[in-house]
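Undergrad: For reference, the sequence and a predicted model appear below.
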Amino acid sequence: MIRTALVVGASGIVGSATAALLAEQGWAVHGLARRQIKQAGVRPLSVDLHDATGTAAALSELQPDAVFITTWARQDSEAENIRVNAAMVRNLLDGLPKPRGPRHVALVTGLKHYLGPFEAYGKGALPQTPFREEQGRLDVENFYYAQEDEIFAAAKRDGFTWSVHRPHTVIGQAVGNAMNMGTTLAVYATLCRETRRPFTFPGSAAQWYGLTDMTDARQLARHLLWATETDAAHDQAFNIVNGDVFRWQWMWERIAEWFGIAAAPFDGTVRPLEIQMAEDAELWRAIAAREGLAEPDLSRLASPWHTDADLGRPIEVVTDMSKSRRFGFTAYQPTDDAFFDLFARLRLDRLIP
């Protein structure tokens, strides 16, 4: 029997990777996004989750065995993030017909569960690293918590199982994504090579010298599918990272080498990409025209503000995966290979020269 999946946010980094894996595994995949998507093996479903009535109408005939929520909408304040993103999850789950059989709903959030929302990111009293799932919530408003609460309430009402997945910074491909470090660094390296500007690490000494980890979108997709298919993983929250740790002083050299440039020495000064790349839009448009690139709009490829938030943190961030390992998830992904695979795909798809 063919299983049916609904991937919410199918045009994003995580959603597109998840949809691809499910299609490979023989699922019938419906990809929900605000704009029409084109992805092999995915049936597009154009829905605006801000519209409760329209969402219910679009989903009225769908009975998915699994729902993967991989999207959010950035707002100007955390109060608005909570209001809007909680409503999107609520509209989705209220709009789906009550399940006639077993259903699993997986929600992707992230390490802001432990670090706090953008307005208080990495500030105040934070849990000790490595972050572990039992550390629970901070005493601060957070839209991730609001999304979880919508899941918990709907699960109690409708009788489905759930899982929450907390990746660290995700490496993967999607144009127009609000949180996209991998493509941002690829664009930055390309600009540095073009202009002969120094390839300067933009972040803090804590990130340069300290240990960290990341999450390949393909690793996260494997984790989402594993939790869906593993009874013991139901009604649980998990961290999910690649399984290795590194220091940016090592990774920065690796990325520079891939692009054929030299990594600038780090002197401890924070030099945000949002400042370094502030005047680069027209330059990128010129490069795109010369090289025949698919996306001339720099703002649709790079998200300097988000990369600055991650690389500028004043604390070491490492994520514990023991809970998933104990439950049987053993997949592993070297992070440097994740970057290199992404860069190669960006080049193949004519997103970078």
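TA: Arrived safely, thanks for sending. Numbering: from 1, shown residues only.
Undergrad: surely Glu316 meets Gly210?
TA: Yes - the pair Glu316 / Gly210 is scored as a contact, 3.5 Å apart, by CB atoms under 8 Å. The way it works is simple: take the backbone N, C-alpha and C, and place the C-beta from them, glycine included.
Undergrad: quick one, which of these two is more surrounded?
TA: Gly210 (19 against 15; other CB atoms under 10 Å).
Undergrad: hang on, the more buried one packs against Gln249?
TA: No - with contacts counted by CB under 8 Å, Gly210 stays clear of Gln249, the gap being 9.5 Å.
Undergrad: Where does Arg313 sit, in terms of helix or strand?
TA: For Arg313, there is no host helix or strand (DSSP states H and E).
Undergrad: To clarify, my last question referred to Ala153.
TA: Using DSSP H and E, Ala153 sits in helix 143-158.
Undergrad: What is that helix packed up against?
TA: Packing partners of helix 143-158 (3 or more CB pairs under 8 Å, 6 or more residues apart in numbering; DSSP states H and E): helix 78-95, strand 104-108, helix 112-115, strand 161-167.
Undergrad: Can you list the residue ranges for helices in the chain?
TA: In the chain, the helices defined using DSSP state H lie at 13-24, 52-59, 78-95, 112-115, 143-158, 181-195, 205-209, 217-229, 248-258, 273-276, 281-291, 304-311, 322-327, 335-348.
Undergrad: Name the surrounding residues that touch the fifth one.
TA: Around helix 143-158, the neighbours that count as contacts under CB atoms under 8 Å, 6 or more residues apart in numbering are 69, 72, 78, 81-82, 85-86, 89-90, 93-94, 98-99, 103, 105, 107, 109-110, 112-113, 117, 137, 160-162, 164, 235, 237.
Undergrad: Need the helices of the chain in JSON lines (columns: mean pLDDT).
TA: As requested, the helices of the chain are exported to JSON lines (pLDDT from 0 to 100):
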{"stretch": "helix 13-24", "mean pLDDT": "97"}
{"stretch": "helix 52-59", "mean pLDDT": "96"}
{"stretch": "helix 78-95", "mean pLDDT": "97"}
{"stretch": "helix 112-115", "mean pLDDT": "92"}
{"stretch": "helix 143-158", "mean pLDDT": "98"}
{"stretch": "helix 181-195", "mean pLDDT": "97"}
{"stretch": "helix 205-209", "mean pLDDT": "96"}
{"stretch": "helix 217-229", "mean pLDDT": "98"}
{"stretch": "helix 248-258", "mean pLDDT": "98"}
{"stretch": "helix 273-276", "mean pLDDT": "97"}
{"stretch": "helix 281-291", "mean pLDDT": "98"}
{"stretch": "helix 304-311", "mean pLDDT": "93"}
{"stretch": "helix 322-327", "mean pLDDT": "98"}
{"stretch": "helix 335-348", "mean pLDDT": "98"}
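Undergrad: Now distance to Gly31 and mean neighbour count too, for those helices, in CSV please.
TA: Listed next are the helices of the chain as CSV, based on distance: least, CB to CB, whole Å; neighbours: other CB atoms under 10 Å:
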stretch, distance to Gly31, mean neighbour count
helix 13-24, 5, 24
helix 52-59, 13, 16
helix 78-95, 14, 19
helix 112-115, 25, 22
helix 143-158, 20, 18
helix 181-195, 20, 21
helix 205-209, 34, 17
helix 217-229, 13, 23
helix 248-258, 31, 16
helix 273-276, 31, 18
helix 281-291, 27, 14
helix 304-311, 23, 21
helix 322-327, 26, 14
helix 335-348, 19, 18
